[in-house]
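J.: Please work out how this folds:
(chains A and B)
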Amino acid sequence: GQQLNQSPQSMFIQEGEDVSMNCTSSSIFNTWLWYKQDPGEGPVLLIALYKAGELTSNGRLTAQFGITRKDSFLNISASIPSDVGIYFCAGQLFPNSGYALNFGKGTSLLVTP
Amino acid sequence: GAVVSQHPSWVICKSGTSVKIECRSLDFQATTMFWYRQFPKQSLMLMATSNEGSKATYEQGVEKDKFLINHASLTLSTLTVTSAHPEDSSFYICSARLQGSEGYTFGSGTRLTVV
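T.: Presented below is the predicted three-dimensional model:
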């Protein structure tokens, strides 16, 4: 699959701080998705991005699809302890094609009260 | 929303035995399902893509005779790990692509431990 470079690998922050993570790729993707995975669970979709330049919010989460279609960032504002988990970016090369998602390596987020 | 039910959530088996993992799409039909494997502290690695009524497409390096995938209906896909060995111990996750959309939904995963 295509390589997605996700950073940072891990973050250790205090409750209330803002968080930012990003993904880049050498390939152009048609769709960028951000997932959160809790231990022992499957990934849960946070935000889906379909258009270059698109900026989408979901509560305290904001994500943008880069204008070149090769990158995306996810911001979490005013973090809370339940934000703890692993966040993955995922890209899909072709819409409605049945192609599987390509995942980044994940960002592990720890939030202290 | 669309839900994929994956069972079992965890299984421990003896080396040399086979284990079957099921994924069912609830309230929707999944023409395509994906099977991933995830080792501790690592990302999801695609193992194979299964399409209803046809043979699965395996990723490079994944043994099709060891990881048998059956997608006999639009709501059920199974992964059977045959002759399991300790190195097969991992977290296996299925995912379904929603028909007519670009959405994907994931099962809750199966923790396989081979002893």
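J.: tell me the pLDDT at the residue of chain B found nearest chain A?
T.: Closest residue of chain B to chain A, C-beta to the nearest C-beta: B:Phe106 (3.8 Å). For the C-beta atoms, the positions are set from N, CA and C on the backbone; glycine is no exception. Turning to B:Phe106, the model gives it a pLDDT of 94.
J.: before we move on, what about A:Phe94?
T.: 68.
J.: again with B:Ala96
T.: 91.
J.: Identify the residues contacting it.
T.: B:2, B:4, B:23, B:25, B:28, B:30, B:32-34, B:77, B:104-105 (C-beta atoms under 8 Å, 6 or more residues apart in numbering or on different chains).
J.: what does chain A have sitting close to chain B?
T.: A:1, A:30-31, A:33, A:35, A:40-45, A:48, A:50, A:88, A:92, A:95-96, A:98, A:100-106, A:108 (C-beta under 8 Å from any C-beta of the partner chain).
J.: any weak-confidence spans in chain A?
T.: Along chain A, the model assigns pLDDT under 70 to residues A:1-2, A:94-98.
J.: Going along the chain, name the strands of it.
T.: A:4-7, A:10-14, A:19-25, A:31-37, A:44-49, A:55-58, A:61-65, A:71-76, A:85-92, A:102-103, A:107-112 (DSSP state E).
J.: what inclination does the last one have with respect to strand A:19-25?
T.: Here strand A:107-112 runs at an angle of 180 degrees relative to strand A:19-25 (axes from the mean of the first three to the mean of the last three C-alpha atoms, to 10 degrees).
J.: Check the fifth one too.
T.: Here strand A:44-49 points in a direction 60 degrees away from that of strand A:19-25 (the same axes, to 10 degrees).
J.: Quick check: buried residues in strand A:44-49?
T.: A:45-49 (16 or more other C-beta atoms under 10 Å in any protein chain shown).
J.: Put together a markdown table for these, with distance to B:Pro40 on each row.
T.: Formatted as a markdown table, these follow (distance: C-beta to C-beta, whole Å):
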| residue | distance to B:Pro40 |
| --- | --- |
| A:Leu45 | 23 |
| A:Leu46 | 22 |
| A:Ile47 | 26 |
| A:Ala48 | 27 |
| A:Leu49 | 29 |
